[in-house]
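Asker: I would like to see how this sequence folds:
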Amino acid sequence: MKKATTVRSVETLACDAGWRNYHFVKITTEDGIVGWSEYDEGFGAPGVTTAIERLGARVVGKNAFQHERIYVELFAATRPAAGGVVALALGAIENALLDVKAKALGVPCYELLGGKIRDRIRVYWSHCATWRINHPDWFKPAITDLDGVKSIGREVREKGFTAMKTNIFVYTEGKPQGWRPGFGSPFEPELNVDRTVLRNLCMHLEAIRDGAGPDVDLLLDLNFNAKTEGYLKILRAIKDMSMFWVEIDTFNPQALGYIRRQSPHPVSSCETLLGLREFLPYFNEQAMDVAIVDTPWNGVWQSMKIAAAAEHFEVNVAPHNFYGHLCTMMNAHFSAAVPNLRIMETDIDRLAWDHELFTHVPEIVDGHLIMPDRPGWGTEPNEEGLRAHPPKSKGGLLNYGQKK
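Answerer: Now for the predicted structure:
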C-alpha cells in the first residue's frame, strides 16, 4: 500500500464568480497526484492567497500523507500571529493534502475521517430570496417585491427541498433591499434595530412562509447585524413563527448565552470561528443549539476535532457553505462522516457558468445531497473552465455598500 507521496508544488488559482471570486489550492506531488481545495478571501479575509503562497514553500518536499504534521509545523511557524488570515491559509492547505492522500489511496475523503455514517445528507436552500434580491445581475429571476419572495418560497417546496434560509430585508416603496449594517451596508455602526426593521423582517418572513407552506422548515440568518438588545427585539418580534433556527453571530459567548436562554427558537452560531480554542468558550457557555463550522476555513480534519468537542457538550454541528461546488463537496464529506450533524447549508441559486468550473456538480435529490464514492473530494476544478472566466480585481464583502 502506498505510504508516501512527496509534494512537488503548491499553487493558487482563481476565477470570476459574479459578485466575488472563487479561489483554489492545487497541490501536485512528485508522482503526479493532484489534490485540490477551495478557499475564500471575499468573506472579510483579504490576503489569504498571499499567506498560502508564503506557507506553501514550507510544504514542498514534505510527505503529503503527513497532513497533521504539516499543519502543526505551519502552525508553529505562524504561532505569534495565529488565527485570522493565517488560519484560513492553513485550512486551505490541509484540505488539499486530504484530497491528495485520498486519491493516492483510491478512496473518498470521508474514509480518512472514519468512514461515512450517511449516504444522503439533508440540505437547506441557503440565501433563499437573498441572492435574487442582492445580486439580480447574477441570479435569476430577480426578486423585486413581496410577490417574488412568495414565489421563491413556493419554488423551494415544488423542487422538493425541506428547509430554506433567508436574511433581513427592508422594503422601500415595496422594493426589498438587504439590511446588513454588520457588514457596513447601510453604514450604521451602532447596530440598532428599530420598528421599521422589525416590521419589514416579519413581512418578509411571512411572505416566504406563505409561498413555501407549513411543511418547509424556515431558517433566519441575522449575521452580525445587531447587538444583544437588537437580537432580543428580533426574537420577540418573531416569537410566534415556527423557526428551525435563528442564526446569530457575536464575538461574545456570554452575550450569546444570554440571548439563547431567552430565545423562543433554537440558536445557531460560530461560522466565523477558527480552531477549537475559539469554539470552547461558546461550548462552555452553552451558547448555541447548533455550532456552525466553516470547514474550508478550519480544514476538514481540524473541523472533525471541533465536532467531537461539540458532541461532548451535547451540541450538533452544521457546515458553513456558501461557496463553489468544490467547497460543497468538502463540506459533504465532513457531513457524511460526522456523527452529530444537524443539517447542511448549500446555495441552490447558482451562477450561469458554475457547472463549467468543476468536473462534477453535487447531486441533490428531494432536498438531500447524494454522496458519491469517487476518490478524494469527488470533484475538482476544471482548469480550462477557470481560464475562461478570469478573476475580477474586486468583489466580496469589501465592496458591500460601495458605489459601482
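Asker: Which element, helix or strand, includes the nearest residue to Lys227 once chain neighbours are set aside?
Answerer: Using C-beta to C-beta, 6 or more residues apart in numbering and skipping residues adjacent in sequence, the residue nearest Lys227 is Leu191, 5.1 Å away. C-betas here are computed from N, CA, C, even on glycine. Counting by DSSP states H and E, there is no helix or strand that carries Leu191.
Asker: pretty sure Leu191 is touching Ala226, no?
Answerer: Yes. The pair Leu191 / Ala226 is scored as a contact, 5.3 Å apart, by C-beta atoms under 8 Å.
Asker: any common contacting residues for those two?
Answerer: Gly182 (C-beta atoms under 8 Å, 6 or more residues apart in numbering).
Asker: Looking at the two, which has the bigger crowd around it?
Answerer: Legend: neighbour count by other C-beta atoms under 10 Å for Leu191 and Ala226, higher for Ala226 (23 against 15).
Asker: which SS class is that one?
Answerer: Under the three-state scheme (DSSP: H, G, I helix; E, B strand; the rest coil), Ala226 adopts coil.
Asker: And it, how far from Asn252?
Answerer: Distance of Ala226 to Asn252, computed by C-beta to C-beta, to the nearest Å: 13 Å.
Asker: Also Glu383?
Answerer: To Asn252, Glu383 is 43 Å away according to C-beta to C-beta.
Asker: Now do the contacts for the closest residue to His135 other than its chain neighbours.
Answerer: Once flanking residues are discounted, His135 sits nearest to Trp19: 4.9 Å by C-beta to C-beta, 6+ apart. With contacts defined as C-beta under 8 Å, 6+ apart, Trp19 is in contact with 134-135, 138, 395-396, 399.
Asker: Closest to Leu222 out of those?
Answerer: When the contacts of Trp19 are compared for distance to Leu222 (C-beta to C-beta), Asn134 wins out at 15.7 Å.
Asker: quick one, helices of the stretch 251-400 of the chain?
Answerer: Assigned by DSSP state H, counting those that start in this stretch, the helices in the stretch 251-400 of the chain fall at 253-262, 276-284, 295-298, 300-312, 325-337, 383-388.
Asker: Show me the one of those that comes nearest Asp147.
Answerer: Closest to Asp147 of these, according to C-beta to C-beta: helix 325-337, at 30.1 Å.
Asker: how far does that closest one sit from the chain's center?
Answerer: Centroid separation for helix 325-337 versus its chain: 10 Å, with C-alpha atoms, centre = their mean, to the nearest Å.
Asker: per-residue confidence averaged over it?
Answerer: Averaged across helix 325-337, the pLDDT comes to 98.
Asker: on that earlier part again, now, of the contacts of Trp19, which are buried?
Answerer: Applying 16 or more other C-beta atoms under 10 Å to the contacts of Trp19, the neighbour count classes 134-135, 138, 395-396 as buried.
Asker: Packing partners of the longest helix anywhere in the chain?
Answerer: Assignment by DSSP state H gives helix 84-105 as the longest helix of the chain. Counting contacts by 3 or more C-beta pairs under 8 Å, 6 or more residues apart in numbering; DSSP states H and E, helix 84-105 packs against strand 7-17, strand 20-29, strand 34-39, helix 48-59, helix 67-78, helix 295-298, helix 300-312.
Asker: Out of the ones you listed, which one sits most buried?
Answerer: helix 295-298 (a mean of 27; mean count of other C-beta atoms under 10 Å).
Asker: So what touches that helix?
Answerer: Contacts to helix 295-298, defined as C-beta under 8 Å, 6+ apart, come from residues 37-40, 87-88, 91-92, 95, 274-275, 303, 306, 319-320, 323, 327, 330-331, 334.
Asker: can you give me how far it is from the chain middle?
Answerer: Using C-alpha atoms, centre = their mean, the offset of helix 295-298 from its chain centre is 9 Å.
Asker: next one: stretch 231-240
Answerer: So, by C-alpha atoms, centre = their mean, the centroid of stretch 231-240 is 25 Å from its chain's centroid.
Asker: Let me know the average pLDDT across it.
Answerer: Across stretch 231-240, the average pLDDT comes to 98.
Asker: Mind listing what's buried along it?
Answerer: By 16+ other C-beta under 10 Å, the buried positions in stretch 231-240 come out as 231-235, 237-238.
Asker: Would you format those residues as CSV with secondary structure included?
Answerer: Putting those into CSV (three-state DSSP) gives the following:
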residue, secondary structure
Tyr231, helix
Leu232, helix
Lys233, helix
Ile234, helix
Leu235, helix
Ala237, helix
Ile238, coil
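Asker: could these go into JSON lines alongside distance to Gln286?
Answerer: Shown next, in JSON lines, are the buried residues of stretch 231-240 (distance: C-beta to C-beta, whole Å):
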{"residue": "Tyr231", "distance to Gln286": "17"}
{"residue": "Leu232", "distance to Gln286": "17"}
{"residue": "Lys233", "distance to Gln286": "22"}
{"residue": "Ile234", "distance to Gln286": "21"}
{"residue": "Leu235", "distance to Gln286": "17"}
{"residue": "Ala237", "distance to Gln286": "24"}
{"residue": "Ile238", "distance to Gln286": "22"}
